[in-house]
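Novice: okay, sequence plus prediction incoming.
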Amino acid sequence: MCGSWPVSAARQSGPPRACLVTNDFPGLVRNGGIGTHAFVLSRVLRDRGWAVHVLYCGPVDDPAATAELSRVMASEGIDFRWLDESPRVWQGIPSFGDSTDTLEVSQHAFEVLEELHAAHAFDLIEFPDWRALGFRSVQAKRSGLAFADVRLAIKLHGTTEWQRRGNRQALRSAWELKLDYCERYAFEHADLQLSPSEYMLADTREQGWAVRDDAVAVSPFPDRQRPSSPPGTGVQELVFFGRLERRKGLDVFLDALDLFDVQLPVLFLGKDSRIDGRRATDIITERMAGRPHRIETELGREAALAELTRGGRLAVLASLSETFGYTVAECIVDEIPFLATSVGGIPEVLAHQEARSRWLFEATPAALAVALQQRLASPEDDERRLRADVAVACDPRAWNDRVEAAYRELAGRRVERRSSPASDASVALAVTHYHHADYLPAALASLAAQTRAPDEVFVVDDGSSDAEAVRVFAEQEAMYPAWTFFRQDNLGPGAARNACLARTSADYLLSFDSDNIATPTLVESLLGAVLADGRDVATCHTLGFAEDDDIAAGRFAFRFAPTGGPRILVAAENVFGDACGLYSVDALRSAGGFEEERWTNEDCETYTRLAFDGFRVDVVPRVLFFYRAGVAGRLAQINADPAIVHGAQRRMLRSVLAGVRLEDEEQVALWEALHGFAQPSHEIGAVMRLHDELSVWAHGEIAAIHAWRLEQLEALQTDLTGKLDAATARADSAELELARPRDAARPARAGFRRPRRPWRR
C-alpha cells in the first residue's frame, strides 16, 4: 500500500531545518563550485530563519583551520561539522566492494547523518551529485533503514560523466563505471531532484537519466562582498578566471590569444590541474613564451575576487560547460568586468538581454577573439553603466527570496513511499552445512536470536562425512525441534539451497552459510528492504572475522560493501553481495533457482541471472552478518587455483552473460568503456612521453660516454704503444749486446724471442 511518512513532533513547530552535505567548502578547498553553493545557500537560508547545519565530507590539510571555521560558522548561527571528527566503526579495516574511499565517505556520511538527524530532526538533507556522496543515504532510505521522515535531495553540480565530457576525456577504469552508476542511482531515487539550472536538467535527461516532472532548478546568488572596481580605469590586464583545465576553456583562451594579439599582460587565476598528463601551468608557460603573464594557483575564493576588484582587470570565463556559473554571478554582483561563454546555465544567471549580447560569446577561440576586440574598443563609461544596470536587474536579495521560498516548498513536500505490514510476508531460512562442527552452533544461535523470527527454518547437511560434524548436526537438530533438519548427498551449496527452495511455502527465502554469524536484525532489515521498495532480492554488507571473540572485540579482517550495480560490471567483480540474501521465492523459482555448479562463484551467478531476468537486486548498506574468514573451504580452494578462477570467469561470460539483453544506456557504457580502455590514459601517455624523453637523453649520454671511451682507449693505446716501442728498442739493444763475442765463462742467452705487440690495428 502507499502512504506518507509521518512528520515528527519535534519538527511540527519551530524553524525549518536543513543539513547541507558537501565535499568542498571555501576556506578548506579552493575554487570549488559545490563549496561555493553550500557556503552561499547556508547563509541565504539562515538569514531567512532556517536552522542550518553543514556536514563537510572533504579532505582537510590543517585540522586547526577546520576548527576555526567551525567556530566562525557557529558565531554566525550555522552548525558546521567535519565528517572525520566522528570516527568510523570500521576505521582501518580493508574494504572491497565499494572500491575506493569515495564510497567509503558516502557510507560514513550516512552513519553520521543518522545521528545528526536523530538529534536535530531535519526537514531536508541535501547532497551534491558529484562522487555519489549521497548514494549510501539514499540506498538506506530506499531500504527502509533510515531517514523515513526527512526528505533527501540530490542536486546536480556536475557528475563525473558530465565532467569527463567537458574535459574531452574517455572512461579510464571500471571504477568510473561504478561511480557513474552510484551517482545516477542517488539522483534517480532521491526524494527531491534539484538542479542549479534548467540547462542541467535538460542535459541530464539527454543522458537517459530519469528526471521527474517535479525536479526543481534553484540556486542562490552571492551577495555583494566588496565595492566595485575603481572608476575611470580601462582594461589593463586580462584574467583567465577558473580552474586551469580544458573544461574551463583554457585551450579556447590560449588559442584566442594567438588569433588576437592583444598587447596586455595576462593573469591565469585558478587551481592547477593536469591536461593529457601534463601540468596546466607548464602548458601555459610554454604557450605564453615571450608574452607578459603571471599565474596564481593558490588563491582562495575571497582572495581571487579581491584580485579581480582591484581595477583594470577583465575576467574571461571561457568554460565549455557550466552547471550554473557562480563565477559569472560573483562578477555580476561585484560589478567586475567580464566576458563569458554562452554555455550551460550562464545565460540563466545573466538575466539582462543587452549584457548577454555584449558579454557572452560562443565557446570557440574565434568568437572569443572577436569578443575581446569589441570589448577593448568599447567606451569604459558605457561598460560601467551596463554593469550597474545588470547588478540591479540581478538583485541578489530578490533572487534569494525566491530561492528560500522554493526550499520552503521542498521541505514541506509529502514524500510517498510504498510500504506493507511485515506480517503480510513470510520468510524461510535456508542454512547449508558441510563439515562445520565447530561453527554450526554459533550460526544457529544467532539465527534463533532474531528480532523478527523466521516463519520456517531449514537446516540441510550437504553430505558431511566427518563424524564430529554428523554428531553436532544431530545435536543441533534436537536443540531446535521446531526447525526442519535434513540430509542429502554432497552436491554443493547451490543444490542444498535449492532443496530448501523446493520445500518452502514462504514468500521469501533467506540463504545462510553455517560458518557465519548473523546480527540480531538480519531478517528484520532484509525483509524491511524488500517491503519498502518492492525489490526482489535484498543483500547487505558484511565484516570478516576469524575467531568468535573477534566480533565483540571489533577485530575484523575485511569489510565487504557491495553497491548493487552496475550489472554490466559483473564480468569483473561481484557487485551484488554474498550468498546471504533475502530472495523472492517466485523470482528465484522463475530464474531457475540457485546456481549448482560447484567450482564457480555461484552466488554471483545467481544474482546476475536474476538481475538480467528483470528482477531487482539491491543492497542494504549496513553490516547484517559476520563472514568467517580463514576457513579452508570451497571458496578458498576456488580462489587459490588460477585454473578454477579462469574457468569460473569463462563460465560467467559464456553461460550467464552471453545472451543477456542490455538497456541502451548499458550498451553505450560498454562501448564507451571499450573505447576508453583501448586508449592510453593521460597518465600512461605522460609516462610514455617521459620515457621517450629519457630515451633520447639516455641515447645521447650513451653516445657521449662511448665517444669518451674511444678517446680514452686511443690515448691508452698510444701510451702503451710508445712504451712498448721503447721496451722493444731496449730489447733489440740487449740482443745485439748478447750477440757480441764474450769470454768463455759467460754462456750465450738462448731462446729469446721479440714479444708480439698488442693494441695494433
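Specialist: Thanks, I have it.

Novice: and the nearest residue to Ala215 once chain neighbours are set aside, what element?
Specialist: Distances taken as CB to CB, 6 or more residues apart in numbering put Gln193 closest to Ala215, at 3.9 Å, once the chain neighbours are dropped. Backbone N, C-alpha and C define where each C-beta goes, glycine included. Secondary structure assignment for Gln193, by DSSP states H and E: strand 192-195.

Novice: got the contact list for that strand?
Specialist: 124, 126, 151-156, 187, 201, 204, 211-212, 214-218, 323, 410, 413 (CB atoms under 8 Å, 6 or more residues apart in numbering).

Novice: show me how far it is from its chain's centre.
Specialist: 20 Å (CA atoms, centre = their mean, to the nearest Å).

Novice: cool, and stretch 558-565?
Specialist: Mean-position distance between stretch 558-565 and its chain equals 14 Å (CA atoms, centre = their mean).

Novice: can you give me the end-to-end span of that stretch?
Specialist: 20 Å (CA to CA, to the nearest Å).

Novice: quick one, strands of the stretch 51-200 of the chain?
Specialist: 51-56, 78-82, 95-96, 124-128, 151-155, 192-195 (DSSP state E, counting those that start in this stretch).

Novice: note down every partner strand of the second one and its orientation.
Specialist: Right, strand 78-82. Strand 78-82 sits in its sheet next to strand 51-56 (parallel), going by DSSP bridges.

Novice: also the third one?
Specialist: Neighbouring strands of strand 95-96 in its sheet, by DSSP bridges, are strand 558-560 (parallel).

Novice: rewinding a little: burial of the residue nearest to Ala215, as a residue count?
Specialist: Gln193 is flanked by 24 other residues according to other CB atoms under 10 Å.

Novice: so His675 is in which element?
Specialist: Judged by DSSP H and E, His675 forms part of helix 664-678.

Novice: what comes into contact with that helix?
Specialist: 170-174, 177, 180, 207-208, 566-568, 662.

Novice: need those residues in a markdown table (columns: pLDDT).
Specialist: Shown next, in a markdown table, are the contacts of helix 664-678 (pLDDT from 0 to 100):
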| residue | pLDDT |
| --- | --- |
| Ala170 | 87 |
| Leu171 | 88 |
| Arg172 | 84 |
| Ser173 | 86 |
| Ala174 | 86 |
| Leu177 | 93 |
| Asp180 | 96 |
| Gln207 | 94 |
| Gly208 | 94 |
| Pro566 | 96 |
| Arg567 | 96 |
| Ile568 | 94 |
| Leu662 | 94 |
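
Novice: show me which of those are buried.
Specialist: Applying 16 or more other CB atoms under 10 Å to the contacts of helix 664-678, the neighbour count classes 170-172, 174, 177, 180, 566-568 as buried.

Novice: tell me which of those is nearest to Ala367?
Specialist: Among the buried ones among the contacts of helix 664-678, Ala170 lies closest to Ala367 (CB to CB), at 26.6 Å.

Novice: next, that closest one: phi, psi?
Specialist: Torsion angles at Ala170 (phi, psi; degrees, to the nearest 10) stand at phi -90, psi 170.

Novice: buried deepest among the strands of the stretch 51-200 of the chain, which one?
Specialist: Of all the strands of the stretch 51-200 of the chain, strand 124-128 has the most neighbours on average by mean count of other CB atoms under 10 Å, namely a mean of 27.

Novice: quick one: list the elements packing against that strand.
Specialist: Contact here means 3 or more CB pairs under 8 Å, 6 or more residues apart in numbering; DSSP states H and E; on that basis strand 124-128 packs against strand 17-22, strand 151-155, strand 192-195, helix 396-411.

Novice: partner strands of that strand and their direction?
Specialist: Here strand 124-128 is paired, per DSSP bridges, with strand 17-22 (parallel), strand 151-155 (parallel).

Novice: CSV please, covering the ones you listed and showing mean pLDDT and distance to Gly593.
Specialist: What follows is the strands paired with strand 124-128, written out as CSV (pLDDT from 0 to 100; distance: least, CB to CB, whole Å):
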stretch, mean pLDDT, distance to Gly593
strand 17-22, 98, 42
strand 151-155, 98, 36
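
Novice: so which of those strands comes closest to Ala74?
Specialist: strand 17-22 (15.2 Å).

Novice: with only the CA atoms kept, save the helix holding His675 in PDB.
Specialist: Taking Å, rounded to 0.1, in the frame of the first residue of the first chain, the C-alpha atoms of helix 664-678 are listed here in PDB:
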ATOM      1  CA  ASP A 664      20.500   1.300 -24.300                       C
ATOM      2  CA  GLU A 665      22.500   3.100 -21.700                       C
ATOM      3  CA  GLU A 666      24.300  -0.100 -20.700                       C
ATOM      4  CA  GLN A 667      25.300  -0.700 -24.300                       C
ATOM      5  CA  VAL A 668      26.600   2.800 -24.600                       C
ATOM      6  CA  ALA A 669      28.500   2.400 -21.300                       C
ATOM      7  CA  LEU A 670      30.100  -0.800 -22.500                       C
ATOM      8  CA  TRP A 671      31.100   0.600 -25.900                       C
ATOM      9  CA  GLU A 672      32.400   3.800 -24.200                       C
ATOM     10  CA  ALA A 673      34.400   1.600 -21.800                       C
ATOM     11  CA  LEU A 674      35.900  -0.400 -24.700                       C
ATOM     12  CA  HIS A 675      36.900   2.800 -26.400                       C
ATOM     13  CA  GLY A 676      38.300   4.400 -23.300                       C
ATOM     14  CA  PHE A 677      40.200   1.300 -22.100                       C
ATOM     15  CA  ALA A 678      41.700   0.800 -25.500                       C
END
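
Novice: thanks again, I'm all set now.
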